[in-house]
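1. sequence first, then the predicted structure, then my questions.
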Amino acid sequence: MAGADSPSAALRRRDLCARGIRLVGKMRSDVIDLLDTYMERQGLDASANVAAVEGVPPAAVERWDEQTGTQRLLENLAAYRAFRALLAQMLEEQREQLGEADTALGRALAAVLLQVSAFAYHLEELLRLESRSPPSEEGDGPPPQPRLSLFEQKLRGLGVLRELAQWALRSARDLRQLAKPGPGTGSAPSLAESP
């Protein structure tokens, strides 16, 4: 980890964190817009109660301040890999349901899917910077879903988008924490040591 503590590695980490914060900020904005469009096109109300989405860790976490930087990155990576699979499934279901009739919703879903994939790659870069290989994707993602009714698919999609918006907030918070300089050192703490 000596390389991870060097001044150039600290600068690179801060740069990656800053770029990641911008990525998730844009992603959250796009997800909020997509949520509005999705609810309108799917005939759902904003007050719809949606159960937790299986396979996606909730963004809310107890004792957030006690997590190490590596724990934060690994949880974020697992969540965004799951979102990538769920959004791809939503996009496929959207095409099956409406064909090319609703291209605007399909394009918006595809754009968010691309942003989620880019951010997952970004998290992998941060892990590699810390001399930590990202875990393999085998077994990552949500468990296979039983065939859902059309209404259940709509509700699951709403739940996925709502939780993704919450993860974007948490990810920005996690990256801000990782980018903080260490006390009195003038450089960022090692991810493994950060609070």
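-> Everything's here; your move.

2. can we go C-alpha only for contacts and neighbour counts from here?
-> Will do.

3. tell me who's in contact with the residue nearest to the spatial centre of the chain.
-> Most central in the chain under C-alpha atoms, centre = their mean is Tyr80, positioned 3.8 Å from the mean C-alpha point. By C-alpha atoms under 8 Å, 6 or more residues apart in numbering, Tyr80 lies in contact with 116-117, 119-120.

4. any of the residues you listed buried? List them.
-> Among those, those classed as buried by 16 or more other C-alpha atoms under 10 Å are 116-117, 119-120.

5. narrow the residues you listed to those in helices?
-> 116-117, 119-120 (DSSP state H).

6. need these in a markdown table (columns: pLDDT and distance to Ala59).
-> Listed next are these as a markdown table, based on pLDDT from 0 to 100; distance: C-alpha to C-alpha, whole Å:
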| residue | pLDDT | distance to Ala59 |
| --- | --- | --- |
| Val116 | 98 | 15 |
| Ser117 | 97 | 18 |
| Phe119 | 97 | 16 |
| Ala120 | 96 | 15 |
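
7. just checking, Ala46 touches Met39?
-> Yes: using C-alpha atoms under 8 Å as the test, Ala46 is close enough to Met39 to be in contact (7.1 Å).

8. tell me which element the residue nearest to the centre of the chain falls in.
-> Using DSSP states H and E, Tyr80 maps to helix 69-98.

9. of all the residues in that helix, which ones are buried?
-> 69-70, 72-74, 76-88, 90-91, 93-95.

10. remind me, longest helix of this structure?
-> In the chain, taking DSSP H as the definition, the longest helix is helix 7-42.

11. could you say what helices and strands that helix packs with?
-> Where contact means 3 or more C-alpha pairs under 8 Å, 6 or more residues apart in numbering; DSSP states H and E, helix 7-42 is packed against helix 103-129, helix 150-179.

12. and of those, who's closest to Ala18?
-> helix 150-179 (7.6 Å; C-alpha to C-alpha).

13. quick one: list the elements packing against the closest one.
-> Where contact means 3+ C-alpha pairs under 8 Å, 6+ apart, helix 150-179 is packed against helix 7-42, helix 69-98.

14. and those helices as TSV, adding distance to Ala165 and mean pLDDT?
-> Shown next, in TSV, are these (distance: least, C-alpha to C-alpha, whole Å; pLDDT from 0 to 100):
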stretch	distance to Ala165	mean pLDDT
helix 7-42	5	93
helix 69-98	11	90
